[in-house]
Structure formats: structure tokens, C-alpha cells
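curious how this folds, go ahead:
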Amino acid sequence: MKLKIQALSKELDKKNFECGQVLLDNYIRKQAKQDVSRDLSACFVLVDDQLIAKGYYTLSASSINRDDFPDELRKKLPPAYIDLPTILLGRLAIEKSIQGKGYGEIMLYDALKRSLEISQRLGSLAVIVEPIDEKAKSFYASYGFILLAGTGKMFIPMKTVKGLVSV
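Model (predicted):
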């Protein structure tokens, strides 16, 4: 099976997408197209040669209050910045039939690479995620994401992303 990542488009077949999380299944089936058309997010889909969705992720602009960041990072930033620019990796899901085969990592690296490219033109301190469960939290932590205490969110600084992916 040959897979590629492309932007969400109307030709893609996503009606049978199932990753094991109803919220994520319903998002790609019912909401993603609307969010993209409203410029609320960008959605990138892992598809096979018949354009059947096998995975996806979303990116959008975001910000995090400086008080949510760890002290060691906050000390390095100008105090005038109350909200710090970030990129939100809002959703990342892999179809059940291909889970456990490395496609989550491929999608994460693609998302991080795109985020780094964006940050070099726009400026962004980090990529933020909101893990849906403990399994997702463990997945992100294994790539260097750090928990933002009290928020349920995790982040990875762009300086770390640079070390993971090359643009």
C-alpha cells in the first residue's frame, strides 16, 4: 500500500475513517472541511492510492499565556509578551487498520516540519498539543513534548523541533 500526505480536499474518501476515538472519527468525517473552509485550521490527510483517508492532522495558529510556560523558558522571554505565539497541532489520528506501523510518527514529523517552515516566516515559539488520553500523552512525550502544568496541554519548543526535522 502506497501512502502520501496531502491537504484535505473534496475528492478524499473519509466516510469510513475509524481510529478508535469517536471524537476524532467524527471530526474528519463531519467537521474538518468546514473548519478548513472557514480558515480555522489546515488539515493534512494520509491517503492511499484510491484517496481513502488513513490518517490526518490539523494545524492552526494559537497562543499560550506566558504564565503557563515553565519558569526556565519564561525567564528568557521579554516580559511584554503576555500571550506567546504557538502553532496548535489540534488533532492527529491514524486509521485502526494501520495503527502501530509508524504512521503516527510519520504524520507527527510532517506536522512538525510544516510548523517549523511556518515559524520561519511568521514567528512561533512552540508547537502545542492537547492529548486526548494517556496513550497520546505518552506518544507526544516520547518525541520531547513537555507538559504545561495545570493546562492538560503539552508543548515542544521550535528550537527542539529544529533538531528533530530538517527544512
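
backbone dihedrals for the residue nearest to the spatial centre of the chain, both of them.
Centroid-nearest residue in the chain: Leu89, 2.4 Å away (criterion: Cα atoms, centre = their mean). When read as degrees, to the nearest 10, the backbone of Leu89 gives phi -90, psi 90.

surely it meets Thr58?
Yes. If you go by Cβ atoms under 8 Å, Leu89 and Thr58 touch, sitting 7.3 Å apart. Backbone N, C-alpha and C define where each C-beta goes, glycine included.

how about Ser9, phi and psi?
phi -140, psi 160.

what is the burial count for it?
12 (other Cβ atoms under 10 Å).

measure it to Ala32 for me?
11 Å (Cβ to Cβ, to the nearest Å).

joint contacts of those two?
With Cβ atoms under 8 Å, 6 or more residues apart in numbering applied, the contact sets of Ser9 and Ala32 do not overlap.

name the residues that touch the lowest-mean-pLDDT helix or strand in the chain?
Least confident element among the helices and strands of the chain, by mean pLDDT, DSSP states H and E: helix 71-74 (a mean of 84). For helix 71-74, contacts defined as Cβ under 8 Å, 6+ apart pick out Arg66, Asp67, Pro157.

mind running it again at 10 Å?
If you take Cβ atoms under 10 Å, 6 or more residues apart in numbering as the criterion, helix 71-74 is touched by Arg66, Asp67, Asp68, Tyr81, Leu84, Leu125, Ala126, Ile146, Phe155, Pro157.

most neighbours out of the residues you listed, which is it?
Of all those, Phe155 has the most neighbours under the rule other Cβ under 10 Å, reaching 27 neighbours.

ok, it - contacts?
64, 68-70, 73, 84, 86-87, 89, 125-129, 140, 144-148.

filter these down to the buried ones.
By neighbour count, with 16 or more other Cβ atoms under 10 Å, those hold 64, 68-69, 84, 86-87, 89, 125-129, 140, 145-146, 148 as buried.

which of these lies closest to Lys54?
Of all those, Leu89 has the smallest distance to Lys54: 18.0 Å, by Cβ to Cβ.

my read is that the closest one contacts Tyr57, right?
Yes. Using Cβ atoms under 10 Å, Leu89 is in contact with Tyr57, at 6.2 Å.

in this protein, which helix is the longest?
Counting by DSSP state H, the longest helix found in the chain is helix 103-122.

report the buried residues of it.
Tyr103, Gly104, Met107, Leu108, Asp110, Ala111, Leu112, Arg114, Ser115, Leu116, Ile118, Ser119.

thanks a lot, catch you later.
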